[in-house]
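**Student:** Show me how the following folds:
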Amino acid sequence: QVQPVESGGGFSQAGDSLRLSCAVSGRTFNTYAVGWFRQAPEKGREFVAAISRGGGTTRYADSVKGRFTISRDNAKNTVDLQMNSLKPEDTAIYYCAAKRAPAYSAYMRTDDYDYWGQGTQVTVSS
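**Tutor:** Residues are numbered from 1 along each chain as shown. Purely as a prediction, here's the structure:
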């Protein structure tokens, strides 16, 4: 059973940093690509960042490029999202998703992913 669980959300001010973490249960974590998505109130779920199973490929939404960094530790079954220079428009529920994938593949569409976490709230005030 593969189950992503997010943590690390909370309240912050514009310009601050937050680090989200996604812990994925299962013994074959290093065969899964992982993505971060977010959903603001009354908006659809949008892509934020993704990383391939070995970490060799990363992808970012244009809105977070240069501010957010995705990384993974396969020994700990975790994928982190370091968020710097936060903006009020980053306010959303952040979701982690996993998909069994070939090497070097990172995915940007919600439909690509099979397993989703419950989400963690990030609120950025101006």
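**Student:** can you give me the strands in this structure?
**Tutor:** Remark: strands assigned in the chain by DSSP state E are 4-7, 10-13, 18-24, 32-39, 46-51, 58-60, 68-73, 78-83, 92-100, 115-116, 120-125.
**Student:** quick one: strands adjacent to the third one?
**Tutor:** Taking DSSP bridges as the criterion, strand 18-24 forms sheet pairs with strand 4-7 (antiparallel), strand 78-83 (antiparallel).
**Student:** what's the most buried one of those?
**Tutor:** Neighbour counts averaged per stretch over the strands paired with strand 18-24 are highest for strand 78-83, at a mean of 22; criterion: mean count of other Cβ atoms under 10 Å. C-beta coordinates here come from the backbone N, C-alpha and C atoms, glycine included.
**Student:** List of residues touching that one?
**Tutor:** Strand 78-83 has contacts (Cβ atoms under 8 Å, 6 or more residues apart in numbering) with 17-24, 34, 36, 48-49, 51, 64, 67-73, 90, 94, 96, 122.
**Student:** Give me the most central residue, this protein.
**Tutor:** Among the residues of the chain, the one closest to the centroid is Trp36, at 2.3 Å (Cα atoms, centre = their mean).
**Student:** From Tyr95, how far out is the residue lying closest to it once chain neighbours are set aside?
**Tutor:** In this structure, Trp36 finds its nearest non-sequential neighbour in Val48, 4.3 Å apart by Cβ to Cβ, 6 or more residues apart in numbering. Going from Val48 to Tyr95 by Cβ to Cβ, to the nearest Å gives 9 Å.
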